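Engineer: Below are the sequence and a predicted model; questions follow.
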Amino acid sequence: MGTVSDQGSLKKTDLRGNNLFASSDAWVAPVAARVGPDGAVWVADWYDPIIQHNVVFRFWNPARNYDQPHSPYQVGKPGPGKGNAYETPLRDRDHGRIWRIVPATTPVRKSGVLDATKPASLAVGLTSPSQHVRLHAQRLLIERGGTDALKSLEVLIANRTAPAGSAKPLAAVHAIWTLEGLGAPAGSEAHRLLAAALESPDPLIRRHAMLALGAADPSVIAALPELLGKSQAARELLFVLTTVALAPPNQPVGAALWKLVSSGAAMDDTLREAARLAMRRQGVALLSSDFASFSGGAQESWFGKEVLEVISRIAAGPSRPALVALAASAPAGFKTHIENLLAKAPETAPAPVALPSHLTAGRDAYMKACIECHQSNGEGVPDTFPPLQGSEWVSGNPRTFLRILLGGLAGPIEIKGIKFNSVMPGHSHLPDAEIAAIASYVRHAFGNQVEQPVLPDQVKALRPDVDKRKFTPWTVEDLQKLEQ
């Protein structure tokens, strides 16, 4: 168990020294824990000496002269079993336990009855102290549909109803998402109730109403200037700023955003990043605000530098004509900045080159398998994960690149004159066609290679080399020897 507390606009959890469940029995293996509707904590105990499935490391015991890519207790043929399974007779298949941990001094709760034919009882279920019960009540209300529960939901929101034992209006929050699940098109009663919730005195209710309606909803756009001004807690401001970053450009929203950031209000790194995204999204609408005092030290602040970045982006983009028109009426000091950046940017931005249709599958597969380390633009993570963009390993021998995709890479490597030392896992679990598609996309997008796509048979031909290594990643030396 841990304590959750605020850390600026984010949250932090302290888990130190708060074990709810511990045992000296080596077989005990808790794999899941949930709070039940009775308030007790239910723990699923695997109760097995072997709980891992995939074994991808080498077992090494010099005293017994044992060095193999599988456990000495592996059964069947050497190496992992089907699906890379760790097959061993030590795995127990007969035991397993469910623990129910109850309070020592107070009785457990009695579960109420949720009757799908009675919307009033389901609305009462939204006030239960059990999240399990509240979620089921919400589900049943949505599944049954209709409008006969709207009045009860309105009362929960208006009264800022909180479940027993909680200070937060969680029942009202569930009511909001029930309305969203029932459907709240513009002009409907459900939409009216959600729009009214944007004006609630409670910031949690305002936040969830804003999220339920969505950033593009006219009611949300109209409320954003006031929400930017009244959000006192850093956490609430974070959600408002991210909504502004998704909302269509709007002059009142842009003006309120500039008033907030230029006030010098304290912001942690996360809030500043959200504010930057919001400023870029609002674009010309932001620049239409009052910039009469934008001079001197203002342009040296983080938000002043971001304003100049916004101007630079617009000057080189399709909204350049709007920026030119804005410069004509801008205050003198601000006008100078706009004109200087307009002069530096090309008058016509290069037209984006469409990705060939045969590479879209590879792009989509890359976004699933590779984006976390190498990023969407192929630039990687500085000092951690190497870039693919412009890498000689990407544009070089396609066989070497395929071997890396299949078997992974470990140890020191130099890319574009920069040294890295990390581990990339192999992706031999992916089908040949998917590996080939990723390779084709990466070589085109980041290696500037105009060539025939990589074929699945080319991947298949290299698999035996990878399989022989038993999941041991390649090194630069290994690959260089193979291609000599």
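Structural biologist: That came through, no problem.
Engineer: Ser319 and Asp268: what is the separation?
Structural biologist: Distance of Ser319 to Asp268, given as Cβ to Cβ, to the nearest Å: 30 Å. Heads up, the C-betas are built off the backbone N, CA and C, glycines and all.
Engineer: Neighbours of Asp148, how many?
Structural biologist: 10 (other Cβ atoms under 10 Å).
Engineer: now swap in Gly380 and tell me
Structural biologist: Neighbour count for Gly380, taken as other Cβ under 10 Å: 19.
Engineer: Which residue, other than its chain neighbours, is closest to it?
Structural biologist: Pro387 (4.0 Å; Cβ to Cβ, 6 or more residues apart in numbering).
Engineer: ok, the one you found - contacts?
Structural biologist: When contacts are counted by Cβ atoms under 8 Å, 6 or more residues apart in numbering, Pro387 touches 374, 378-380, 415-416, 446.
Engineer: Can you show me the strands along the chain?
Structural biologist: Assigned by DSSP state E, the strands in the chain fall at 3-7, 10-14, 30-35, 41-45, 59-61, 66-68, 97-101, 409-415, 418-424.
Engineer: Quick one: closest of those to Pro201.
Structural biologist: strand 3-7 (20.4 Å; Cβ to Cβ).
Engineer: in that closest one, what counts as buried?
Structural biologist: Buried positions in strand 3-7, judged by neighbour count with 16 or more other Cβ atoms under 10 Å: none.
Engineer: other SSEs contacting that strand?
Structural biologist: Helices and strands touching strand 3-7, by 3 or more Cβ pairs under 8 Å, 6 or more residues apart in numbering; DSSP states H and E, are strand 10-14.
Engineer: what packs against the strand it packs on?
Structural biologist: strand 3-7, helix 234-244.
Engineer: least reliable of these going by mean pLDDT?
Structural biologist: Mean pLDDT values for the helices and strands packed on strand 10-14 show the minimum at strand 3-7, a mean of 91.
Engineer: Direction included, what does that one pair up with?
Structural biologist: Using DSSP bridges, the strands paired with strand 3-7 are strand 10-14 (antiparallel).
Engineer: quick one: contacts of the partner strand?
Structural biologist: With Cβ under 8 Å, 6+ apart as the test, strand 10-14 has contacts from 2-6, 235, 238, 268, 270.
Engineer: make it 7 Å
Structural biologist: With Cβ atoms under 7 Å, 6 or more residues apart in numbering as the test, strand 10-14 has contacts from 2-5, 270.
Engineer: Let's have those in a markdown table, adding distance to Ala40.
Structural biologist: Formatted as a markdown table, the contacts of strand 10-14 follow (distance: Cβ to Cβ, whole Å):
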| residue | distance to Ala40 |
| --- | --- |
| Gly2 | 19 |
| Thr3 | 20 |
| Val4 | 21 |
| Ser5 | 25 |
| Thr270 | 36 |
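Engineer: closest to Met210 among the residues you listed?
Structural biologist: Thr270 (18.2 Å).
Engineer: list the contacts for Asp48?
Structural biologist: Taking Cβ under 7 Å, 6+ apart, we find Asp48 in contact with 27, 29, 91-92, 95.
Engineer: Please apply the same query to Phe420.
Structural biologist: Contacts of Phe420 by Cβ under 7 Å, 6+ apart are 386, 413.
Engineer: Can you give me the pLDDT of it?
Structural biologist: 93.
Engineer: Show me where the stretch 201-350 of the chain has its helices.
Structural biologist: Per DSSP state H, counting those that start in this stretch, the stretch 201-350 of the chain carries helices over the ranges 203-213, 218-230, 234-244, 251-262, 269-287, 302-315, 320-329, 332-344.
Engineer: Format these as JSON lines; extra columns: distance to Asn18 and mean neighbour count.
Structural biologist: Formatted as JSON lines, the helices of the stretch 201-350 of the chain follow (distance: least, Cβ to Cβ, whole Å; neighbours: other Cβ atoms under 10 Å):
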{"stretch": "helix 203-213", "distance to Asn18": "26", "mean neighbour count": "22"}
{"stretch": "helix 218-230", "distance to Asn18": "36", "mean neighbour count": "19"}
{"stretch": "helix 234-244", "distance to Asn18": "23", "mean neighbour count": "22"}
{"stretch": "helix 251-262", "distance to Asn18": "38", "mean neighbour count": "21"}
{"stretch": "helix 269-287", "distance to Asn18": "26", "mean neighbour count": "20"}
{"stretch": "helix 302-315", "distance to Asn18": "38", "mean neighbour count": "18"}
{"stretch": "helix 320-329", "distance to Asn18": "55", "mean neighbour count": "15"}
{"stretch": "helix 332-344", "distance to Asn18": "53", "mean neighbour count": "16"}
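Engineer: Between the ones you listed, which one is closest to Tyr366.
Structural biologist: helix 269-287 (23.5 Å).
Engineer: want to throw the helices of the stretch 201-350 of the chain into JSON lines with distance to Pro464?
Structural biologist: Putting these into JSON lines (distance: least, Cβ to Cβ, whole Å) gives the following:
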{"stretch": "helix 203-213", "distance to Pro464": "51"}
{"stretch": "helix 218-230", "distance to Pro464": "57"}
{"stretch": "helix 234-244", "distance to Pro464": "49"}
{"stretch": "helix 251-262", "distance to Pro464": "58"}
{"stretch": "helix 269-287", "distance to Pro464": "47"}
{"stretch": "helix 302-315", "distance to Pro464": "50"}
{"stretch": "helix 320-329", "distance to Pro464": "56"}
{"stretch": "helix 332-344", "distance to Pro464": "55"}
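Engineer: for the protein, what are the low-confidence residue spans?
Structural biologist: Applying pLDDT under 70 to the chain picks out residues 17, 53-81, 83-84, 295-297, 348-351, 470.
Engineer: And the residue nearest the centre of it?
Structural biologist: Centroid-nearest residue in the chain: Glu372, 10.4 Å away (criterion: Cα atoms, centre = their mean).
Engineer: how close does that one get to Gly447?
Structural biologist: 20 Å.
Engineer: count of residues packed around His444?
Structural biologist: Neighbours of His444 using other Cβ under 10 Å come to 20.
Engineer: Skipping its backbone neighbours, what lies nearest it in space?
Structural biologist: Using Cβ to Cβ, 6+ apart and skipping residues adjacent in sequence, the residue nearest His444 is Leu359, 5.7 Å away.
Engineer: what's the nearest residue to Leu241 once chain neighbours are set aside in contact with, if anything?
Structural biologist: With Cβ to Cβ, 6+ apart as the criterion, Leu241 has its nearest non-adjacent residue at 3.9 Å, and that residue is Ala274. Ala274 makes contacts with 238, 241-242, 245, as judged by Cβ under 7 Å, 6+ apart.
Engineer: For Gln52, find the nearest of the strands of the chain.
Structural biologist: The minimum distance between Gln52 and the strands of the chain falls on strand 30-35, with 11.7 Å, by Cβ to Cβ.
Engineer: Dump the closest one to PDB, restricted to CA.
Structural biologist: Taking Å, rounded to 0.1, in the frame of the first residue of the first chain, the C-alpha atoms of strand 30-35 are listed here in PDB:
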ATOM      1  CA  PRO A  30       0.500 -12.500  -5.400                       C
ATOM      2  CA  VAL A  31      -0.300 -11.500  -9.000                       C
ATOM      3  CA  ALA A  32      -3.300  -9.300  -8.600                       C
ATOM      4  CA  ALA A  33      -5.100  -7.400  -5.800                       C
ATOM      5  CA  ARG A  34      -8.400  -5.500  -5.900                       C
ATOM      6  CA  VAL A  35     -10.700  -3.900  -3.400                       C
END
